[in-house]
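Visitor: dropping the sequence and predicted coords here.
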Amino acid sequence: MVQVTIIRLIGYREWTETLGSDREHVIQGIQAQLHRELVNGFSKVNAWAHPLRYDYLFAITNGVNREGLMSVIKDLGEYSPVPLSSGTYASDNPRIAEKEAFKLAMKAGPWGSLIGGVDDGLVAMAHIDLVDSTSSTEWTSSYQLYEHVWNVINQVRLYLAPYGGITLYLGGDNMISIVTPTIREEDLRPLSELINARVGVGIASNGRTAMKLATEALDSLRQQGKYGVLMLMER
């Protein structure tokens, strides 16, 4: 099962409106700081995290108990301009886990944390790298490349939805999708061919290790000059 934690920044929009009209650079600076502390804090407990809209933050927290979660969220709160609340839920389907965690985060009051169940099961992460997209002669601008990547992300999102896929952009030619741990290499090969990508999949007991293995698989494909899908599982 995949354990998802959603952190809600309570009153975030209202806070932005107190900053006056010359505020966007301030908001983006706070967002960048929150992103850094989110990633650093959860990586220390072997979890993996990424912002969603910045007023909601997302983490894969398999193996992290209530005390560990509360410690990370408390530290993150020192960098937040508004109170935080959180919800945690575990399910075989990552999208269901996220949906239920979101509901719990919405119910929790300021600095509250609601947990619908924790899990020490497996999490699967698919690290996807588009092959030679930036070196293609068909591109004429950096923005055109940016548009292309987001079009591909939408394709990946739709393809992996039946596998519980939660697909996020990592920058450059890279994206990540958290999928059900029962996914198979043959399930992903059509996607790899469709978007001309290498897909490294990591399956492990926690988010950080799953991401490490997914990247290791991707690097192995790249170093061998191979395309397609490679799956690695924690021993």
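Guide: All right, it came through fine.
Visitor: only C-alpha atoms for contact and neighbour calcs from this point on.
Guide: Noted.
Visitor: for the residue sitting nearest the centre point of the chain, what are phi and psi?
Guide: Nearest to the geometric centre of the chain sits H50, at 4.6 Å (CA atoms, centre = their mean). Backbone torsions of H50, given as degrees, to the nearest 10, read phi -160, psi 140.
Visitor: that one and H35 touch, don't they?
Guide: Yes: applying CA atoms under 8 Å as the test, H50 and H35 come out as touching, 7.2 Å apart.
Visitor: tell me the pLDDT at the residue nearest to the centre of the chain?
Guide: H50 is assigned 97 on the pLDDT scale.
Visitor: for the nearest residue to it once chain neighbours are set aside, what are phi and psi?
Guide: Leaving aside its sequence neighbours, H50 sits nearest to F58 (CA to CA, 6 or more residues apart in numbering; 5.3 Å). The phi/psi pair for F58 (degrees, to the nearest 10) reads phi -120, psi 140.
Visitor: swap in the one 3 residues further on?
Guide: Summarising the backbone geometry of T61 under the convention degrees, to the nearest 10, its torsions are phi -120, psi 30.
Visitor: identify the residue spatially nearest to it, adjacent ones excluded.
Guide: In space, T61 is closest to A47, 5.0 Å off (CA to CA, 6+ apart).
Visitor: the chain: strands as residue ranges?
Guide: 2-9, 48-52, 56-60, 84-91, 113-115, 123-130, 166-171, 174-179, 197-204, 228-233 (DSSP state E).
Visitor: and the first one, what does it pack onto?
Guide: For strand 2-9, the helices and strands in contact under the criterion 3 or more CA pairs under 8 Å, 6 or more residues apart in numbering; DSSP states H and E are strand 56-60, strand 84-91, helix 94-107.
Visitor: pick the most deeply packed of these.
Guide: With neighbours taken as mean count of other CA atoms under 10 Å, the helices and strands packed on strand 2-9 reach their highest mean count in strand 84-91, at a mean of 26.
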